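A.B. asks: Pasting the sequence and the predicted model now:
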Amino acid sequence: MRGGGATLPQGRHPHAAGWLERIENLFAALASAALFVLLALVVAQAFTRYVLNDPIGEVVTVTETYLMPAIVFFTMAALQRDDGHVRVDLLYGSWRGRTKRIADLLIAMLSAAFWAVVVYASVGETVFSLRMDYEVSKDLPLPLASAIGIVPLGGTLILLRLMLQIAAALRAMRASDAAPR
């Protein structure tokens, strides 16, 4: 099921969440542009291959190495912000109130830990790729680090979004515990 059930506060602070939201929107727009370019390249590739019998080189490499990862990794933070991730409601749908808030908080914390590892590892791979001067392919002599760098960019955005949501959720839980009953 799509969104709708999350109880994590968004923590829309004027400064931190505001600049992060603008960056998320920029990256989502870049992902939209990547999708448009991907579709245009696939149509052009099909036309030149089947009509002109002279396919465009490296279309598959560009789409697999740059465009598809950009579409995935550049949209995750905005999707998290808008509560658009898919959830399995087997147990979650029956939970209410504090139980649901605690589950959301634990899931966000586990997700943040996962993305911290992904960002750390992908930054290492990007730096290694730069040092080794790897290229995407012989026919496309671009640095491989430019493609691998998509992962830590998108991962950092979702990690920051999760950290803001965790902080807001902890503040909300603390405030509800302190409220008179």
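C.D. replies: Yep, that arrived.
A.B. asks: Could you check how far the residue nearest the centre of the chain is from A168?
C.D. replies: Closest to where the C-alpha atoms of the chain average out (CA atoms, centre = their mean) is M76, at 2.6 Å. Separation of M76 from A168 (CB to CB, to the nearest Å): 19 Å. C-beta: built from backbone N, CA, C; applies to glycine.
A.B. asks: same deal with V119?
C.D. replies: V119 is 21 Å from A168, by CB to CB.
A.B. asks: Equivalent analysis for A147, please.
C.D. replies: If you go by CB to CB, the gap between A147 and A168 works out to 34 Å.
A.B. asks: Comparing those two, which residue is more hemmed in?
C.D. replies: Neighbours per residue, other CB atoms under 10 Å: of A147 and A168, the larger number sits with A147, 22 against 18.
A.B. asks: out of everything not next to it in sequence, what's closest to that one?
C.D. replies: Of all residues not flanking A147 in the chain, T65 sits nearest, at 4.5 Å (CB to CB, 6 or more residues apart in numbering).
A.B. asks: hang on, that neighbour packs against G149?
C.D. replies: No: using CB atoms under 8 Å, T65 is not in contact with G149, being 11.4 Å away.
A.B. asks: Where does the closest residue to R81 other than its chain neighbours sit: helix, strand or coil?
C.D. replies: With sequence-adjacent residues excluded and distances taken as CB to CB, 6+ apart, R81 is closest to R161, at 5.6 Å. With DSSP: H, G, I helix; E, B strand; the rest coil as the basis, R161 sits in helix.
A.B. asks: any idea where the helices of this protein begin and end?
C.D. replies: Under the criterion DSSP state H, the chain contains helices at 16-50, 59-62, 68-73, 76-81, 97-132, 144-148, 150-178.
A.B. asks: Compare those helices and give me the one nearest V88.
C.D. replies: Closest to V88 of the helices of the chain is helix 97-132 (CB to CB; 11.2 Å).
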